[in-house]
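A.B. asks: The sequence and its predicted three-dimensional model are supplied below.
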Amino acid sequence: MTTIKVPGFIKKQPVALVCALLCVGFALAIYFRKDALVTAQAELDDKTAQAKHLKENVDSASPLNKADRLDEQYAVITQATQAIQVRLVHVNQLAINLQYFYKLESETQTKLTDLRQSGVDTSLKSLGKTTYVGVDYAIGVQGSYTQLLDFVRRVENGEHFSRVVGLSLTGGGAGEAGPGSLLSLTLNLELLGLP
């Protein structure tokens, strides 16, 4: 071939020449990129397996963990929080707090000899874990064994969250022995409250 015939061939067959050059270019690209295809396929398989695993986790999760039930879960949590709020005592409402114990006194037919709101335990609040505090009470009660036991049970299972810190039970005098004799109960307890 001479230099004069080559430009003539290009002028006569431009489409065939462009196709031939493209085929050579594609063949070279495939040859040099065939290892990239294997890497890309492996990455695709890995991502597909991860997606399948995540989908199985979401599908097999309990109904309480599914995102489509968030409104229902929020309503349950709000209702539980309101139930807790009702059972809390407020430190600054001394008369209402003491009225709770007077009500227990009348229900159990005991006699309160001492009733003091002695302070606030802020150990939990100082830890920064809660907004609640323990409100300390010192209580002295007189009654029969059955009445005092009923009083303690009503405090433990009453309308407020409580924790008995200390308890002391003493009998009456020596001449008062018997099943109906009066006993004295000294009770130190905490009620869960808000400052």
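C.D. replies: Perfect, I can see it now. For clarity, every value in this text was computed on a predicted model and none was experimentally measured. Numbers count the residues shown, from 1 in each chain.
A.B. asks: Not counting its neighbours along the chain, what's nearest residue 166?
C.D. replies: residue 188 (4.0 Å; C-beta to C-beta, 6 or more residues apart in numbering). Bear in mind the C-beta positions are built from the backbone N, C-alpha and C, glycine included.
A.B. asks: In three-state terms, label that neighbour for me.
C.D. replies: strand (DSSP: H, G, I helix; E, B strand; the rest coil).
A.B. asks: lowest confidence element among the helices and strands of the protein?
C.D. replies: helix 123-126 (a mean of 55; mean pLDDT, DSSP states H and E).
A.B. asks: Can you name the element that comes right after that helix?
C.D. replies: strand 133-143 (DSSP states H and E).
A.B. asks: Check which helices and strands the next helix or strand after that following strand is in contact with.
C.D. replies: For strand 133-143, the succeeding helix or strand toward the C-terminus, using DSSP H and E, is helix 145-156. Under the contact definition 3 or more C-beta pairs under 8 Å, 6 or more residues apart in numbering; DSSP states H and E, helix 145-156 sits against helix 94-108, strand 133-143, strand 162-171, strand 183-194.
A.B. asks: in the last one, what counts as buried?
C.D. replies: For strand 183-194, burial by neighbour count (16 or more other C-beta atoms under 10 Å) applies to 183-185, 187, 189-193.
A.B. asks: Equivalent analysis for the third one, please.
C.D. replies: Within strand 162-171, the residues that qualify as buried by neighbour count (16+ other C-beta under 10 Å) are residue 162.
A.B. asks: same question, stretch 149-156
C.D. replies: 150-152, 155.
A.B. asks: okay, now the domains of this structure?
C.D. replies: 5-60, 88-173+180-194 (automatic domain parsing).
A.B. asks: quick check: longest helix of the chain.
C.D. replies: Taking DSSP state H as the criterion, the chain has its longest helix at helix 14-60.
A.B. asks: same question for that helix, mean pLDDT?
C.D. replies: Taken as a whole, helix 14-60 carries a mean pLDDT of 86.
A.B. asks: What lies in contact with the following helix or strand past it?
C.D. replies: On the C-terminal side of helix 14-60, the closest following helix or strand by DSSP H and E is helix 70-87. The contact list for helix 70-87 (C-beta atoms under 8 Å, 6 or more residues apart in numbering) reads 64, 159-161, 192.
A.B. asks: Out of those, which one has the lowest pLDDT?
C.D. replies: Checking pLDDT across the contacts of helix 70-87, the minimum falls on residue 64 at 53.
A.B. asks: Please tell me how far the spatially most central residue of the chain sits from residue 159.
C.D. replies: With distances taken as C-alpha atoms, centre = their mean, residue 77 lies nearest the centre of the chain, 9.3 Å away. Computed with C-beta to C-beta, to the nearest Å, the distance linking residue 77 and residue 159 is 21 Å.
A.B. asks: Residue 47 too?
C.D. replies: 56 Å.
A.B. asks: and if you look at residue 138?
C.D. replies: For residue 138, the distance to residue 159 - C-beta to C-beta - is 20 Å.
A.B. asks: try residue 96
C.D. replies: Remark: distance between residue 96 and residue 159 (C-beta to C-beta) = 12 Å.
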